[in-house]
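Participant: Everything below, folded, please.
(one chain, ligands or ions: 1)
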Amino acid sequence: MPKTHRVTLIEGDGIGPEICAEMLKVVASAGVRIDFERAYAGQIALEKFKESIPAATLASIKRNRVAIKGPVTTPIGTGFTSINVMLRKKLELYANVRPVRSYPGVSTYPNVDLVIMRENTEDLYSGIEHEIAPGVVESIKVITRLASTRIAEYAFSYAKKHGRKKVTAIHKANIMKLSDGLFLECARGIAKKFPKIEYTEMIVDNACMQLVTRPTQFDVLLLENLYGDIVSDLCAGLVGGLGLVPGGNIGKKYAVFESVHGSAPDIAGKGIANPTAIILTLALMLEYLGETQASLAVQQAVSKVLQAKKVRTPDLGGKNTCPEMGDAIAKQVKRLL
Ligand code: ATP
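Facilitator: Predicted coordinates for the structure are as follows:
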């Protein structure tokens with residue numbers, strides 16, 4: 001009897017419910033047994049429960065240990081900490097893993113196949129900002145040995161497990177000598193424990209240029225939180241946009257899977273969002289749950305649908321709707337299994 005997994009499902013705001021509906025179709029056609037427990041976060045949670053992350057949502061993730069979530073909107077204005085940042089901190093989801101690869105049939109850079117490994121708990125996301133005098137504000141960048149070492153360790157272990165050959169630490173230690181210097185010191189220390197994996201370093205501005213001119217030189221990118229955020233979107237642009245890049249936030253106890261894109265309010269409700277990123281995010285989650293065959297089938301199905309160029313949402317230059325894209329992928333998954 002196959003195992004039934006219990007997973008928390010947070011549909012989120014904006015395009016979240018539309019793309020999650022397509023992800024659920026793919027779960028059904030992959031034949032994996034997942035018992036989803038619905039929970040709320042973001043704008044919708046604020047409206048329903050007067051809290052952007054209700055205690056019941058956190059309790060659900062802690063109980064199930066695994067969650068998949070659509071994008072959530074953090075209300076704009078003072079007093080609202082980013083919901084994603086809060087979740088990552090509260091659950092100690094210290095590693096943000098974002099595989100970025102080119103798909104056949106999507107006309108962007110060919111042969112890109114890299115993984116972004118972003119530290120998820122500190123840096124300028126510490127949220128420590130204050131006005132020290134009228135017109136002068138400070139924003140504190142926090143880098144610790146503990147967090148830098150554990151993300152480096154995760155990056156190298158991931159590289160080893162997934163047969164990746166190289167880890168590149170991205171930094172600006174020529175300017176931020178202490179903070180980025182410590183990040184590099186920790187990465188170098190861990191690199192020594194993995195002699196079979198090549199270790200290189202690159203200054204962030206040069207890395208951005210190199211990513212645009214010769215992205216195939218990269219394998220695993222190891223970054224602090226803010227550089228990781230910016231470079232993630234850059235890399236998404238290399239392979240066809242935010243609609244195609246999945247992600248996972250992983251900690252020692254819990255994991256929350258979510259795509260890189262936000263709630264895309266400009267296209268919400270129009271039925272034209274690309275559900276591929278959340279479907280590939282599902283594939284990452286299936287791998288984490290040990291459902292390797294289903295995970296591979298989902299990834300191959302996405303590849304085939306993109307390659308066929310018959311069904312594609314407007315962000316990829318097509319005219320199809322979000323449900324049409326979801327249906328095409330779900331159908332392909334069924335064929336492959
Ligand atoms: P956040 O700050 O929450 O990450 P953001 O401001 O970076 O969000 P997104 O919501 O990710 O922005 O959207 C950026 C652009 O990409 C928008 O024009 C949006 O319509 C587009 N976009 C994002 N996700 C998708 C998707 N799944 N399908 C199609 N277009 C998308």
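Participant: what sits against the residue of the chain found nearest the ligand?
Facilitator: Of all residues in the chain, Gly262 sits closest to the ligand, at 2.1 Å by C-beta to the nearest ligand atom. Backbone N, C-alpha and C define where each C-beta goes, glycine included. Gly262 sits next to Gly14, Pro71, Thr73, Leu242 when contact means C-beta atoms under 8 Å, 6 or more residues apart in numbering.
Participant: Using the three-state scheme, assign it.
Facilitator: Three-state call for Gly262 (DSSP: H, G, I helix; E, B strand; the rest coil): coil.
Participant: Repeat that for Ile44.
Facilitator: Per three-state DSSP, Ile44 ends up helix.
Participant: Give me the neighbour count for it.
Facilitator: Other residues lying near Ile44 total 19 when counted by other C-beta atoms under 10 Å.
Participant: Please apply the same query to Glu198.
Facilitator: Glu198: 14 surrounding residues under other C-beta under 10 Å.
Participant: partner residues bridging it?
Facilitator: Beta-bridge partners for Glu198, by DSSP bridges, are Lys166.
Participant: wait, Arg312 sits on Asn320?
Facilitator: Yes. Using C-beta atoms under 8 Å, Arg312 is in contact with Asn320, at 5.8 Å.
Participant: ok, these two, which is more surrounded?
Facilitator: Arg312 (23 against 19).
Participant: Would you mind giving both backbone torsions of that one?
Facilitator: For Arg312, the backbone dihedrals (degrees, to the nearest 10) come out as phi -160, psi 140.
Participant: show me the contacts for it.
Facilitator: By C-beta under 8 Å, 6+ apart, the neighbours of Arg312 are Leu306, Gly318, Asn320, Met325.
Participant: Excluding chain neighbours, what is closest to the third one?
Facilitator: It refers to Asn320. Spatial nearest neighbour of Asn320, excluding adjacent residues (C-beta to C-beta, 6 or more residues apart in numbering): Val311 at 4.9 Å.
Participant: and the one you found, how many residues sit next to it?
Facilitator: 20.
Participant: repeat for Asp35
Facilitator: 10.
Participant: Okay, and it sits in which element?
Facilitator: strand 33-39 (DSSP states H and E).
Participant: Residues in contact with that strand: which ones?
Facilitator: By C-beta under 8 Å, 6+ apart, the residues outside strand 33-39 that reach it are 2-11, 24, 27, 54, 56-57, 60-61, 63-64, 67.
Participant: can you redo the contacts of Arg312 as a markdown table with pLDDT and distance to Ala277?
Facilitator: Shown next, in a markdown table, are the contacts of Arg312 (pLDDT from 0 to 100; distance: C-beta to C-beta, whole Å):
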| residue | pLDDT | distance to Ala277 |
| --- | --- | --- |
| Leu306 | 96 | 12 |
| Gly318 | 94 | 16 |
| Asn320 | 97 | 16 |
| Met325 | 98 | 11 |
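Participant: which of these sit farthest apart?
Facilitator: Between any two of those, the greatest separation by C-beta to C-beta is 12.0 Å, found for Leu306 and Asn320.
Participant: who touches the residue most central in space within the chain in this structure?
Facilitator: With distances taken as C-alpha atoms, centre = their mean, the chain has Gly247 as the residue nearest its mean C-alpha position (2.3 Å). Residues in contact with Gly247 (C-beta under 8 Å, 6+ apart) are Asn96, Val97, Arg98, Ser232, Phe257, Glu258, Ser259, Val260, Thr281, Leu284.
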